[in-house]
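Asker: A structural model of the following input is requested.
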Amino acid sequence: MSTIRNVWCLCLILGIGGCGGMEVKEEGNKTQEDPLESLHRACLEQEGENAVPACRKVLRLRPKDYRAEHRLGWLLGQQGKIPEGIAHLRKADKLHPNDSGILCHLGMTLEKRGDRNGAMDTYRRALRADPKNTEAWLSLGILLRKTGKKEESEKELRNLIRQDPKMATAWAQLSLTLVQQGRLEEAIEAGSKAVALKPDDANARSNLGLFLTNAGRIDEAVEELNKAVQIEPENAIAQYNLGLAYTKADALEEAARAYLGALNQRESFPQAHHNLAVILIGLGICNESKRHLDRSHDLGVKSAPIVLKQYQSVCEPPQESPEGEGENSDEKKPAG
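Answerer: Modelled structure (predicted):
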């Protein structure tokens, strides 16, 4: 019996009124997939640059394919084509309402456009559709914190943690929300939990190190921040936070090295330029201090009067007139 006959008989035995749109063709001992299905798989599974044209072709041939609309909209949003991405995601939502995954990605893309209220409403819709969508819940908690709704952010993140106690990112975000509320010790506790759950997360260690610095626990802060830098040497924020910890410990040379490390990764880092300039003033290295001070001013930092006064005192002391010279000198000039 030929291959196509076998497939047809199997469909009859299983009571299937067709084979899911899959056309099976005989070619020797091999079967060929329908070209549209190959395009559809490329749209859903390939990387962005290859997937976008595949998704567009699928939608020309199958205009109501919500999965292709979803995938295309999400990819376009990630590529910075925000309005077009939102249009496709909205169409996917219309074709397949209350899909939590579509709504979550629509919320993220609206957030990229700057529509924070629209994003929050969409994340809430995603959670009503699926209360276990942790990605939507986390995104909502972060956005609430960014918009200053600290108590609401804490509530959503704690609800998420109750659902998934081992979600390190949720603990890390909770620590940031608690810091914004001035609850430093609780933030340290939440940050420590995030690091324990994900020890290789340089950002979580960096944040924890900063919290410890602010709490005056300098030795612990330096330890965490050095680990963060070891994990991710290119992390400019971790390098900068390490500089803050060393500054607070009055370890000026170590602080200078840390700030330089931050600037090696991100030259246009205004606070690092400024703080390094202050450290160099303390070390009496005036030329380099002036260079970094000027660069920080170019980047928008306004130095406190005390910093400028210190620079003038150390690096631009008033010149004293030689003894016996000047307008008030009593020395008689030789006769002409």
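Asker: CA atoms for contacts and neighbours, from now on please.
Answerer: OK.
Asker: so how far is Tyr246 from Ile218?
Answerer: As for Ile218, its distance to Tyr246 is 8 Å (criterion: CA to CA, to the nearest Å).
Asker: ramachandran angles for the closest residue to Arg291 other than its chain neighbours?
Answerer: Using CA to CA, 6 or more residues apart in numbering and skipping residues adjacent in sequence, the residue nearest Arg291 is Ala277, 7.8 Å away. Main-chain torsions, Ala277, degrees, to the nearest 10: phi -60, psi -40.
Asker: then stretch 276-286 to CSV, C-alphas only?
Answerer: Extracted in CSV, the C-alpha atoms of stretch 276-286 (Å, rounded to 0.1, in the frame of the first residue of the first chain):
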residue,chain,number,x,y,z
LEU,A,276,36.8,59.9,40.9
ALA,A,277,37.7,63.6,40.6
VAL,A,278,36.9,64.1,44.3
ILE,A,279,39.0,61.1,45.2
LEU,A,280,41.9,62.4,43.1
ILE,A,281,41.7,65.8,44.9
GLY,A,282,42.1,64.0,48.2
LEU,A,283,45.2,62.2,46.7
GLY,A,284,46.6,65.5,45.4
ILE,A,285,46.5,64.3,41.8
CYS,A,286,45.3,67.7,40.4
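Asker: could you give the mean pLDDT of that stretch?
Answerer: On average, the pLDDT along stretch 276-286 is 95.
Asker: may I see the buried residues of it?
Answerer: For stretch 276-286, a neighbour-count test (16 or more other CA atoms under 10 Å) marks Leu276, Ala277, Val278, Ile279, Leu280, Ile281, Gly282, Cys286 as buried.
Asker: check stretch 165-182 too.
Answerer: Buried residues in stretch 165-182, counting neighbours by 16+ other CA under 10 Å, are found at 167-179.
Asker: now swap in stretch 96-104 and tell me
Answerer: For stretch 96-104, the neighbour count (16+ other CA under 10 Å) marks Asn98, Asp99, Ser100, Gly101, Ile102, Leu103, Cys104 as buried.
Asker: again with stretch 246-257
Answerer: Tyr246, Thr247, Ala249, Leu252, Glu254, Ala255, Ala256, Arg257.
Asker: swap in stretch 294-305?
Answerer: Within stretch 294-305, judged by 16+ other CA under 10 Å, the buried ones are Asp294, Arg295, Ser296.
Asker: with stretch 208-215 instead?
Answerer: Leu208, Gly209, Leu210, Phe211, Leu212, Thr213.
Asker: okay, and which of those map to helices?
Answerer: Judged by DSSP state H, the subset of the buried residues of stretch 208-215 located in helices is Leu208, Gly209, Leu210, Phe211, Leu212, Thr213.
Asker: closest one of the residues you listed to Val301?
Answerer: Nearest to Val301 out of those is Leu210 (CA to CA; 21.0 Å).
Asker: okay if I get the ones in helices among the buried residues of stretch 208-215 as a markdown table plus pLDDT and distance to Phe269?
Answerer: Output for these, formatted as a markdown table (pLDDT from 0 to 100; distance: CA to CA, whole Å):
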| residue | pLDDT | distance to Phe269 |
| --- | --- | --- |
| Leu208 | 98 | 21 |
| Gly209 | 98 | 19 |
| Leu210 | 98 | 17 |
| Phe211 | 98 | 21 |
| Leu212 | 98 | 23 |
| Thr213 | 98 | 20 |
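Asker: what about the most centrally placed residue in the chain, which helix or strand?
Answerer: Centroid check for the chain by CA atoms, centre = their mean gives Asn203 as the closest residue, at 9.3 Å. Counting by DSSP states H and E, the element that carries Asn203 is helix 202-214.
Asker: please write out the alpha-carbon positions of that helix in PDB.
Answerer: Coordinates of each C-alpha in helix 202-214 appear next as PDB, following Å, rounded to 0.1, in the frame of the first residue of the first chain:
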ATOM      1  CA  ALA A 202      25.900  40.300  39.300                       C
ATOM      2  CA  ASN A 203      23.100  42.900  39.400                       C
ATOM      3  CA  ALA A 204      21.500  41.400  42.500                       C
ATOM      4  CA  ARG A 205      24.900  41.300  44.300                       C
ATOM      5  CA  SER A 206      25.600  44.800  43.300                       C
ATOM      6  CA  ASN A 207      22.300  46.100  44.700                       C
ATOM      7  CA  LEU A 208      22.900  44.100  47.900                       C
ATOM      8  CA  GLY A 209      26.400  45.600  48.200                       C
ATOM      9  CA  LEU A 210      24.900  49.100  47.800                       C
ATOM     10  CA  PHE A 211      22.300  48.400  50.500                       C
ATOM     11  CA  LEU A 212      25.000  47.100  52.900                       C
ATOM     12  CA  THR A 213      27.100  50.200  52.200                       C
ATOM     13  CA  ASN A 214      24.200  52.500  53.100                       C
END
